[in-house]
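Visitor: Here is my input, please return the structure:
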Amino acid sequence: MAEILANPTPADIDLAKPDLVDNVKLDAWYMDDSDEDQRFPHRLEPNQPCSLETLKNLGVVYWKLDADTYETDPKLIAIRKVHKYNWTEIVNISPTTLPNYEAKLKSFYEEHIHADDEIRYILDGSGYFDVRDKEDRWIRIACFKGDMIVIPEGIYHRFSLDSDNYTKAMRLFQGEPVWTPHNRPQENHPSRVKYVERYVSASA
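Guide: Numbering: from 1, shown residues only. Prediction:
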């Protein structure tokens, strides 16, 4: 659904700031290389957690919101104004709501990039977003009800549900929704080149 958003006020800009690292309890970890079911946690032994600071340095943005009030939440409204997320839609992903569920789940798990940021807000249920770090290692981010995450344009990533097999999420877009995955390799894609220049090469 597209909406006309008002220009953000100074209060909106302040309210829309991502959560501070010290205030966030986000569960993320480096993954093993097992080929077991993608819905398993795939933690290393011993577990190697990944901090929100590391994720921020990869371009990942995170907010914790009140999913029970998403229709009227002033913080979500402020985020949408500031970032110009004028289009939203809600999707339910489960074996009973998504045709060809197992095949679709496998397709979500193909490593890919997008030419735009991927913005997802978990309204119910849970799931995993996996992103590549600067050394090409997989980091798994567990997202639950109330978690809103931005996966930056050009980063290699993928998505999976967990063993609960259910999530309800809001997808947010700037302008008309575009969801075109470009499967790896995409080293010459303009969005990948831009990402590497901003986040990988800049820190080398």
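
Visitor: Could you check how far Ile93 is from Ser191?
Guide: In this view, Ile93 and Ser191 are 25 Å apart by C-beta to C-beta, to the nearest Å. Where C-beta positions appear, they are placed from N, C-alpha and C, glycine not excepted.

Visitor: ah, wrong one, I meant Asp164
Guide: With C-beta to C-beta as the criterion, Asp164 and Ser191 are 32 Å apart.

Visitor: Tell me which of the two has more neighbours.
Guide: Ser191 (18 against 11; other C-beta atoms under 10 Å).

Visitor: what about the more buried one, which helix or strand?
Guide: Assigned by DSSP states H and E, Ser191 belongs to helix 190-195.

Visitor: Pull out the buried positions in that helix.
Guide: Residues Ser191, Arg192, Tyr195 are the ones in helix 190-195 that count as buried (16 or more other C-beta atoms under 10 Å).

Visitor: what packs against the lengthiest helix in the chain?
Guide: Across the chain, the longest stretch assigned as helix under DSSP state H is helix 74-83. Using 3 or more C-beta pairs under 8 Å, 6 or more residues apart in numbering; DSSP states H and E, the elements in contact with helix 74-83 are helix 10-15.

Visitor: Now do the longest strand anywhere in the chain against helix 74-83, angle only.
Guide: Longest strand in the chain by number of residues (criterion: DSSP state E): strand 118-132. Angle, strand 118-132 to helix 74-83, by axes from the mean of the first three to the mean of the last three C-alpha atoms, to 10 degrees: 80 degrees.

Visitor: Beyond strand 118-132, next helix or strand please.
Guide: Where DSSP H and E defines the elements, the next helix or strand beyond strand 118-132 is strand 138-144.

Visitor: what sits up against that following strand?
Guide: Residues outside strand 138-144 that contact it (C-beta atoms under 8 Å, 6 or more residues apart in numbering): 26-31, 41-43, 50, 54-55, 58, 60, 120, 122, 125-133, 149, 162.

Visitor: ok, back up a step: give me the buried positions along the longest helix of the chain.
Guide: Lys75, Leu76, Ile77, Ala78, Ile79, Arg80, Lys81, Val82, His83.

Visitor: any idea how far the residue nearest to the fifth one when sequence neighbours are not counted lies from Leu5?
Guide: Meaning Ile79. Excluding the flanking residues, the one nearest Ile79 by C-beta to C-beta, 6 or more residues apart in numbering is Ala16, at 4.5 Å. Using C-beta to C-beta, we find Ala16 at a distance of 12 Å from Leu5.

Visitor: That'll do, ta.
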